[in-house]
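Undergrad: Sequence below, structure please.
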Amino acid sequence: MSDQDRPQEQDHERVSGPGRLVSGIAWVVLLLGLWLWGREATDVREGISGPATGDMAAAGRPPDIPLPPAHAPLGDALPERLDVPELGIRAPVTARGLDAEGAIEPPSFDQADTVGWYAAGVTPGEAGTALMVGHVDTETRPAVFYKLSTLEPGQTVRVVREDAEVAEFTVDDVQVLERDGFDARQAYGPRDTGRAELRLITCGGTFDHASNSYTANVVVSAYLTGTGP
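TA: Here you go, the predicted structure:
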């Protein structure tokens with residue numbers, strides 16, 4: 001594949017690469033944390049465990065950024081669309097499970113602009129931590145979460161649900177977690193027990209051609225702060 005076929009390099013510690021080559025490797029990192037952290041990380045429904053290992057490379061929010069209070073959790077309703085206004089994302093959501101290797105299975109590369117929701121976990125807006133995954137790129141172009149690492153605390157993520165209610169989340173933390181020594185508790189554990197929280201996850205770091213994988217995962221944490229039309 002020529003350099004012209006690859007998406008442009010990004011500023012936030014990530015160099016894009018051939019996405020198809022990394023799907024069987026990078027997403028396994030998510031699996032390991034789910035199993036290590038277990039059901040508490042995602043409030044997973046009965047009978048399913050969950051994702052993996054890593055180290056924080058970039059994280060947090062400056063203490064002077066005011067964030068709104070949490071909204072009371074909503075009831076159970078399936079997600080239909082994910083909107084991130086600051087990034088221009090308006091993506092359909094599809095339910096996903098675990099693949100043959102036990103990792104959260106992202107949407108296919110034919111649906112690179114679709115977000116996958118881990119259907120064995122809570123729905124976005126419920127109490128607990130809902131997980132959504134998406135590709136950063138494909139072999140030829142950026143994918144739905146290509147700019148995910150540029151999100152900042154205080155920005156908004158909206159999930160349109162099948163009950164016609166829109167769950168509005170506020171970003172409170174953006175982390176780039178290294179694959180080696182990955183801390184699943186840090187990535188998936190609740191920031192505040194009892195809240196409705198959301199994690200948006202994609203590949204990050206730089207692309208390692210020797211292992212055909214990215215060196216890290218971008219993990220955006222957000223919490224429910226309101227509802228909209």
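Undergrad: Could I get the phi/psi values of A130?
TA: Torsion angles at A130 (phi, psi; degrees, to the nearest 10) stand at phi -90, psi 140.
Undergrad: so who does it touch?
TA: 42, 79, 117-118, 121-124, 196-199 (C-beta atoms under 8 Å, 6 or more residues apart in numbering). Glycine gets a C-beta too; all of them are placed from N, C-alpha and C.
Undergrad: Any of these buried? List them.
TA: Restricting these to buried positions leaves 42, 79, 117-118, 121-124, 196-199, with burial counted as 16 or more other C-beta atoms under 10 Å.
Undergrad: can you redo those as JSON lines with distance to Y223?
TA: As requested, the buried ones among the contacts of A130 are exported to JSON lines (distance: C-beta to C-beta, whole Å):
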{"residue": "T42", "distance to Y223": "15"}
{"residue": "P79", "distance to Y223": "16"}
{"residue": "W117", "distance to Y223": "17"}
{"residue": "Y118", "distance to Y223": "17"}
{"residue": "G121", "distance to Y223": "15"}
{"residue": "V122", "distance to Y223": "13"}
{"residue": "T123", "distance to Y223": "15"}
{"residue": "P124", "distance to Y223": "11"}
{"residue": "A196", "distance to Y223": "7"}
{"residue": "E197", "distance to Y223": "5"}
{"residue": "L198", "distance to Y223": "7"}
{"residue": "R199", "distance to Y223": "10"}
